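*Asks:* Below are the sequence and a predicted model; questions follow.
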2 protein chains.
Amino acid sequence: MPPELETPRPMRADARRNRELILAAARELLASDQPDVQIDAIAARAGVGVGTVYRHFPDKEALMGELVRERFNGFNARLQEAIDDGGGDPFETLAAALRANAAETASDAATRRALMTGGERVFAHAQNEIEEFERRAAVLVERARSAGELRPDFQAHDIGMVMCGLCATMGKPEVWEWQRHLELVLRGMRAGA
Amino acid sequence: MPPELETPRPMRADARRNRELILAAARELLASDQPDVQIDAIAARAGVGVGTVYRHFPDKEALMGELVRERFNGFNARLQEAIDDGGGDPFETLAAALRANAAETASDAATRRALMTGGERVFAHAQNEIEEFERRAAVLVERARSAGELRPDFQAHDIGMVMCGLCATMGKPEVWEWQRHLELVLRGMRAGA
DNA sequence: GGATAACATGAGCTACGATTCCGTTTAAGT
DNA sequence: ACTTAAACGGAATCGTAGCTCATGTTATCC
């Protein structure tokens, strides 16, 4: 058997557990409203030393990348549900999926920041998930367009743009309501007039 | 004459000149695509020492605040032109002003960053200009609504929200075109369907 | 139960950028 | 010209946050 195909020794139990603790701590801290979270804070929250964080993730960006990847997995699951759903109004199905994804994003300042200002390494780490996102979004967009409910010039790629814009609004909840913003955009997407 | 009303001695000529040099340098550096600019870099570009920057602005946020204030003055001037214009389609007048303001913002990463993530001190410094902005935007919004061209539930306050969202898109020009985003939103604003 | 490779720890190193401080220079008033 | 308060310069300081590494611990395999 070629060496590169051998199953590597599985991670030790404590290591696996700590990895999850770190990710959970990062999610919790980043879910708060403060955009900047230090590695030390994540380590403390996870109940491990900083060294342990760096054993599992080469640097901060890698940790962030992993979180973004997880988040996109959630988005994708939701889009898949919408695709499988089949019945119902295609535009509304798409809109509902966007609303749900937006609601999730609203409580995750970390992903927002990554979407808006993250370095390319963060995106590279979640490359596959992002591509899958665009593919599934394209399915829903195409259905809504075929049904004549979506403006013909709206593209699947615009979905990410819309969500990116929404992220900015979400960052200032004391000034604006992102729901208004989303509904405004949805009206712009809808065919007619 | 009460002391607090006496005209304070005018700023020394070199001081006045340096203040302008600093602001100009800051504008130039912040107009580039990099969101983070150091005080040292601004000072070097202006051809003065860091100490001089701190003589004119108590801290970095104060300098940023002044830049944001200037930017809003530009926005306001444009809105006033649109108000004075009078003739022409009210919705298109509003849309044109938004497009122009957006174009200006697209080349100013500093204001974008301030709009999206700036601390409240930055906004406090530009308080008057921002309020004036909302007042003038309200005039244009009201005209477009009266003409039946704007959705009745669109509010002047939403203008800022839209621009804030646009800012996020502008930050990733290699991925999205903010013009598409703006046109999408404008369609959402327009009455009908 | 002992050997060993993984793993964990956290004080401290390093880099960076904002801000300060004081000796020096200079505009402006007489 | 001379005085002086205002302004300047920029090395040094300070705080912060990412990251490293020498030492101690433990899961796993036999």
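*Replies:* Now that the structure is in, tell me what you want to look at.
*Asks:* alpha carbons only for contacts and neighbour counts from here, please
*Replies:* Will do.
*Asks:* and the lowest-mean-pLDDT helix or strand in chain A, which residues are buried?
*Replies:* None of the helices or strands of chain A scores lower by mean pLDDT, DSSP states H and E than helix A:109-117, at a mean of 80. The neighbour-count check on helix A:109-117 (16 or more other CA atoms under 10 Å in any protein chain shown) flags A:A109, A:A110, A:T111, A:R112, A:R113, A:A114, A:L115, A:M116 as buried.
*Asks:* Now that helix - C-alpha only, CSV.
*Replies:* Only the C-alpha atoms of helix A:109-117 are listed here, as CSV (Å, rounded to 0.1, in the frame of the first residue of the first chain):
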residue,chain,number,x,y,z
ALA,A,109,-20.2,38.6,13.9
ALA,A,110,-17.2,36.4,13.0
THR,A,111,-18.5,35.2,9.7
ARG,A,112,-19.7,38.6,8.9
ARG,A,113,-16.3,40.1,9.4
ALA,A,114,-14.7,37.3,7.4
LEU,A,115,-17.2,37.8,4.6
MET,A,116,-16.5,41.5,4.5
THR,A,117,-12.8,41.9,5.3
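*Asks:* So which residues make contact with the following helix or strand past that helix?
*Replies:* Sequence-wise, the next helix or strand downstream of helix A:109-117 (DSSP states H and E) is helix A:120-125. For helix A:120-125, the external contacting residues (CA atoms under 8 Å, 6 or more residues apart in numbering or on different chains) are A:E61, A:A62, A:M64, A:G65, A:E66, A:V68, A:R69, A:A114.
*Asks:* who touches A:A126 in this structure?
*Replies:* Counting by CA under 8 Å, 6+ apart, A:A126 makes contact with A:G65, A:E66, A:V68, A:R69, A:F72.
*Asks:* Which of the helices or strands spans the last one?
*Replies:* This points to A:F72. Using DSSP H and E, the element containing A:F72 is helix A:60-85.
*Asks:* Up against DNA strand D, what does chain A have?
*Replies:* For chain A, the contact set with DNA strand D under CA under 7 Å from any atom of the strand comprises A:12-14, A:36-40, A:50-51, A:54, A:58-61.
*Asks:* hang on, the earlier thing: what's the closest of the contacts of A:A126 to DNA strand D?
*Replies:* Nearest to DNA strand D among these is A:G65, at 12.1 Å by CA to the nearest atom of the strand.
*Asks:* Name the nearest residue to that closest one, ignoring sequence neighbours.
*Replies:* A:V122 (4.3 Å; CA to CA, 6 or more residues apart in numbering or on different chains).
*Asks:* what separates that neighbour from A:A31, distance-wise?
*Replies:* 18 Å (CA to CA, to the nearest Å).
*Asks:* higher neighbour count, the two?
*Replies:* Neighbour comparison, A:V122 and A:A31: the larger count goes to A:V122, with 21 against 17 (by other CA atoms under 10 Å in any protein chain shown).
*Asks:* What distance do you get for the more buried one to DNA strand C?
*Replies:* 20 Å (CA to the nearest atom of the strand, to the nearest Å).
*Asks:* Kindly report the same for A:A106.
*Replies:* For A:A106, the distance to DNA strand C - CA to the nearest atom of the strand - is 29 Å.
*Asks:* Compute the number of surrounding residues for the nearest residue to that residue once chain neighbours are set aside.
*Replies:* Once flanking residues are discounted, A:A106 sits nearest to A:M170: 5.9 Å by CA to CA, 6+ apart. Residues lying near A:M170 (other CA under 10 Å) number 27.
*Asks:* quick one on the thing from earlier: between the buried residues of helix A:109-117, which is nearest DNA strand D?
*Replies:* Closest to DNA strand D out of the buried residues of helix A:109-117 is A:A110 (12.4 Å), distances taken as CA to the nearest atom of the strand.
*Asks:* what about the residue of chain A found nearest DNA strand C, distance to chain B?
*Replies:* Closest approach between chain A and DNA strand C, counting by CA to the nearest atom of the strand: A:G51, at 2.8 Å. For A:G51, the distance to chain B equals 29 Å [CA to the nearest CA, to the nearest Å].
*Asks:* what does A:E132 give?
*Replies:* 16 Å.
*Asks:* Verify the stated contact: that residue with A:F75.
*Replies:* No. Contact criterion CA atoms under 8 Å: A:E132 and A:F75 do not qualify, at 10.0 Å.
*Asks:* hmm, back to that, would you agree the residue nearest to A:A106 is in contact with A:E104?
*Replies:* No. Contact criterion CA under 8 Å: A:M170 and A:E104 do not qualify, at 11.1 Å.
*Asks:* still on that earlier bit, the contacts of A:A126 into CSV, with extra columns for distance to A:Q80 and neighbour count?
*Replies:* Shown next, in CSV, are the contacts of A:A126 (distance: CA to CA, whole Å; neighbours: other CA atoms under 10 Å in any protein chain shown):
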residue, distance to A:Q80, neighbour count
A:G65, 22, 24
A:E66, 21, 17
A:V68, 18, 23
A:R69, 16, 22
A:F72, 12, 22
